[in-house]
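Participant: Let's see this in three dimensions:
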Amino acid sequence: MTDSGDSLDDDQTDPAIPRRAAARTAKLASLPLGIAGRAVGGWGRRLTGQNTEDVNAVLSAKAAEQLFEVLGTLKGGAMKFGQALSVFEAAVPDELAAPYRDALTRLQAAAPPMSVRRTHRVLAEQLGRSWQQRFAEFDDEPAAAASIGQVHRAVWHDGREVAVKVQYPGADEALRSDLRQLQRFSRLFQSLVPGTEVKPLLAELADRMDEELDYRAEADNQRRFARAFDGDARVRVPKVVASAPKVIVTEWVTGTPFSEIINTGTRDQRNEAGRLLAEFHYSSPERAHLLHSDPHPGNFLLLEDGRLCVIDFGAVAALPHGAPPALGVMMRLALRNRPDELFEMLRAEGFVRDDADLDADDVHAWLRPLTAPLTDETFHFTRRWAQKQALRMGDTRNQDFHTGRFLNLPPQWLLIHRVTAGAIGILCQLDAEVAVRDIVRRWQPGFADPGE
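Facilitator: Down below sits the predicted model:
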């Protein structure tokens, strides 16, 4: 491990992250909109039950390759957006999903690294010129890439194995530029991943941008989660060793990523991974008063001791009073076939606009399939189920489509809705059988019948 000087040439040739707005805009503009548009048209016809003989699988594969290669190469907001989309891949029809699934898996796993020179410079700026003395060992080869940083394996001066996440220089400029440009393509992305509200997702990413860029805030989030789950038999959160605005050092953890379990896991691994994820998702608001808000398979690992390991706490929602009881009450009313009470509660919470001409039974019919995981003691989360929900909501001939157009997602519910949908997307990718009703009953306020 050696430190090195800085040079203008290094800034100009380092491929880690294109910093100039014009360069990033050109990259995004290079997306194969014509090819993707034709493939998307085929998807749209498939989703609405129309003839799909003209859907060209080769074009679809090329569109996926180019689309996610651009997102992954740019890192920043483009890569983060691609990761956010990845959990909804389960809703894509099987015959068209394979190339997108492969591209998304690569997006989660790899991206061009920073040069050693630039990495050392960031470490010196953030941890001091004598930063090397803090480590007994430091591997200059990145072990993993994230949307706005890369992770190095190292040994802390006291002998602990640690993960060192280093933010890419210019990540703030990249995020802002990407999110502005991605807004232009929101309709394309909406078609690529049915059942996902892309515009609100992009708006939310923009709103939380400053939090993600400050690794000190991420370190504080991780410390709170680590305290809440300290000594837990099911969940491990690596402890924070040191932090700075653009560098965070945490305990190193080795495990099997969920992306690997999704691809090659056994039935027992899939079910156990799903159970642990559901338990973590629903228990966190009560135990930590926080919600991990970046659900994609790259942020979860299954450890050898059987625990779930959770990483990356840049996106976290504060829930000081825990999960809202109204959510549990609405679930219960939907399951108990009480459409009139459900409708009034949805209206009170802002899900139904005052001027909407909707029937309570139609709203109940729209919502009830989404509560299917809670109807039996165990539910099998499958891609087919996710695809069925996307088709139901996207088919213009379906009454549910017209009902859904007049429902509203209030701003205060957007994050909870998106994170829950993301977690369910991962469960469907895992093809997991989970006793989710019992988990919800134990952790979601308002779900159990009064007096139960």
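Participant: Can you name the element that comes right after the one helix or strand residue 400 maps to?
Facilitator: Assessed by DSSP states H and E, residue 400 sits inside helix 399-405. Later in the chain than helix 399-405, the nearest helix or strand by DSSP H and E is helix 411-430.
Participant: Quick check: neighbours of the helix or strand following that following helix in the sheet, parallel or antiparallel?
Facilitator: Later in the chain than helix 411-430, the nearest helix or strand by DSSP H and E is strand 433-434. Partners of strand 433-434 in the sheet, by DSSP bridges, are strand 379-380 (antiparallel).
Participant: can you tell me which residues contact residue 122?
Facilitator: By CB atoms under 8 Å, 6 or more residues apart in numbering, the contact set of residue 122 is 114, 166, 167, 169, 246, 247. For the C-beta atoms, the positions are set from N, CA and C on the backbone; glycine is no exception.
Participant: Mind putting the residues you listed into TSV with pLDDT?
Facilitator: As requested, the contacts of residue 122 are exported to TSV (pLDDT from 0 to 100):
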residue	pLDDT
114	85
166	96
167	91
169	86
246	95
247	97
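Participant: Buried among these? Need that as a selection in PyMOL.
Facilitator: Restricted to buried positions by 16 or more other CB atoms under 10 Å, the PyMOL selection for the contacts of residue 122 reads:
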select buried, resi 114+166+167+169+246+247
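Participant: pLDDT weak spots in the stretch 351-452 of the chain?
Facilitator: Along the stretch 351-452 of the chain, segments meeting pLDDT under 70 span 394-396, 450-452.
Participant: the strands in this protein, which residues?
Facilitator: Assigned by DSSP state E, the chain shows strands spanning 135-138, 144-145, 149-156, 161-167, 235-236, 240-244, 247-251, 256-257, 290-292, 300-302, 308-310, 316-318, 379-380, 433-434.
Participant: and residue 325, which of those strands is closest to it?
Facilitator: strand 290-292 (15.2 Å; CB to CB).
Participant: Show residues contacting the closest one.
Facilitator: Contact with strand 290-292 is made by 221, 224-225, 228, 280-281, 284-285, 299, 310, 313, 315-319, 415-416, 419, as judged by CB under 8 Å, 6+ apart.
Participant: what lines up beside it in the sheet?
Facilitator: strand 316-318 (antiparallel).
Participant: any idea how far residue 401 is from residue 353?
Facilitator: Distance, residue 353 to residue 401, by CB to CB, to the nearest Å: 17 Å.
Participant: And the two? Which one has more around it.
Facilitator: residue 401 (16 against 12; other CB atoms under 10 Å).
Participant: Roughly how far does the more buried one sit from residue 370?
Facilitator: 15 Å.
Participant: could you pull out the helices for the stretch 151-300 of the chain?
Facilitator: Assigned by DSSP state H, counting those that start in this stretch, the stretch 151-300 of the chain shows helices spanning 171-184, 186-192, 198-207, 209-213, 215-228, 258-264, 267-287.
Participant: Those: lowest mean pLDDT?
Facilitator: Mean pLDDT values for those show the minimum at helix 186-192, a mean of 54.
Participant: what ranges of the stretch 1-150 of the chain fall below the confidence cut-off?
Facilitator: 1-112, 146-147.
Participant: Residue 424 contacts residue 381, correct?
Facilitator: Yes - judged on CB atoms under 8 Å, residue 424 makes contact with residue 381 at a distance of 6.8 Å.
Participant: Identify the contacts common to these two.
Facilitator: In contact with both residue 424 and residue 381: residue 373, using CB under 8 Å, 6+ apart.
Participant: coming back round to it: any idea which of the strands of the chain scores lowest on pLDDT?
Facilitator: strand 144-145 (a mean of 80).
Participant: In terms of secondary structure, what does that one contact?
Facilitator: strand 149-156 (3 or more CB pairs under 8 Å, 6 or more residues apart in numbering; DSSP states H and E).
Participant: Using PDB, write down the CA coordinates of the strand it packs on.
Facilitator: Backbone C-alpha positions of strand 149-156 (Å, rounded to 0.1, in the frame of the first residue of the first chain) are rendered in PDB as follows:
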ATOM      1  CA  GLY A 149     -19.000   5.000  -3.900                       C
ATOM      2  CA  GLN A 150     -16.800   1.800  -3.900                       C
ATOM      3  CA  VAL A 151     -15.900  -0.500  -1.100                       C
ATOM      4  CA  HIS A 152     -12.400  -1.700  -0.100                       C
ATOM      5  CA  ARG A 153     -11.400  -4.500   2.200                       C
ATOM      6  CA  ALA A 154      -8.900  -3.500   4.900                       C
ATOM      7  CA  VAL A 155      -7.600  -4.400   8.400                       C
ATOM      8  CA  TRP A 156      -8.000  -1.600  11.000                       C
END
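Participant: mind checking how far residue 441 is from residue 377?
Facilitator: Counting by CB to CB - residue 441 and residue 377 are separated by 11 Å.
Participant: Which one of the two is surrounded by more residues?
Facilitator: residue 441 (17 against 9).
Participant: Contact partners for residue 281?
Facilitator: Counting by CB under 8 Å, 6+ apart, residue 281 makes contact with 291, 292, 295, 419, 420, 423.
Participant: Using a markdown table, please lay out the residues you listed together with distance to residue 158 and neighbour count.
Facilitator: What follows is the contacts of residue 281, written out as a markdown table (distance: CB to CB, whole Å; neighbours: other CB atoms under 10 Å):
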| residue | distance to residue 158 | neighbour count |
| --- | --- | --- |
| 291 | 33 | 21 |
| 292 | 28 | 24 |
| 295 | 33 | 27 |
| 419 | 36 | 20 |
| 420 | 40 | 18 |
| 423 | 36 | 21 |
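Participant: Between those, which sits nearest residue 406?
Facilitator: Among those, and counting by CB to CB, the member closest to residue 406 is residue 420, at 21.7 Å.
Participant: so who does the closest one touch?
Facilitator: Going by CB under 8 Å, 6+ apart, the list of residues near residue 420 reads residue 281.
Participant: just the one 4 residues further on next, same as before
Facilitator: For residue 424, the set of contacting residues under the criterion of CB under 8 Å, 6+ apart consists of 373, 381, 386.
Participant: Pull up the gap between it and residue 284, please.
Facilitator: Counting by CB to CB - residue 424 and residue 284 are separated by 15 Å.
Participant: And for residue 397?
Facilitator: Counting by CB to CB, the gap from residue 397 to residue 284 is 39 Å.
Participant: ok, now residue 431?
Facilitator: Distance from residue 431 to residue 284, by CB to CB: 24 Å.
Participant: Could you check which of the two has the larger neighbour count?
Facilitator: Shown here are residue 431 and residue 284; by other CB under 10 Å, residue 284 has more neighbours (25 against 19).
Participant: give the contact list for the more buried one.
Facilitator: Applying CB under 8 Å, 6+ apart, the residues near residue 284 are 225, 228, 290, 291, 292.
Participant: Distance of it relative to residue 402?
Facilitator: Counting by CB to CB, the gap from residue 284 to residue 402 is 36 Å.
Participant: Show me how this protein divides into domains.
Facilitator: As assigned by automatic domain parsing, the chain contains the domains 8-109+172-208, 116-167+214-251, 255-452.
Participant: Quick one: end-to-end distance for the shortest one.
Facilitator: The separation between the terminal residues of domain 116-167+214-251, taken as CA to CA, to the nearest Å, is 22 Å.
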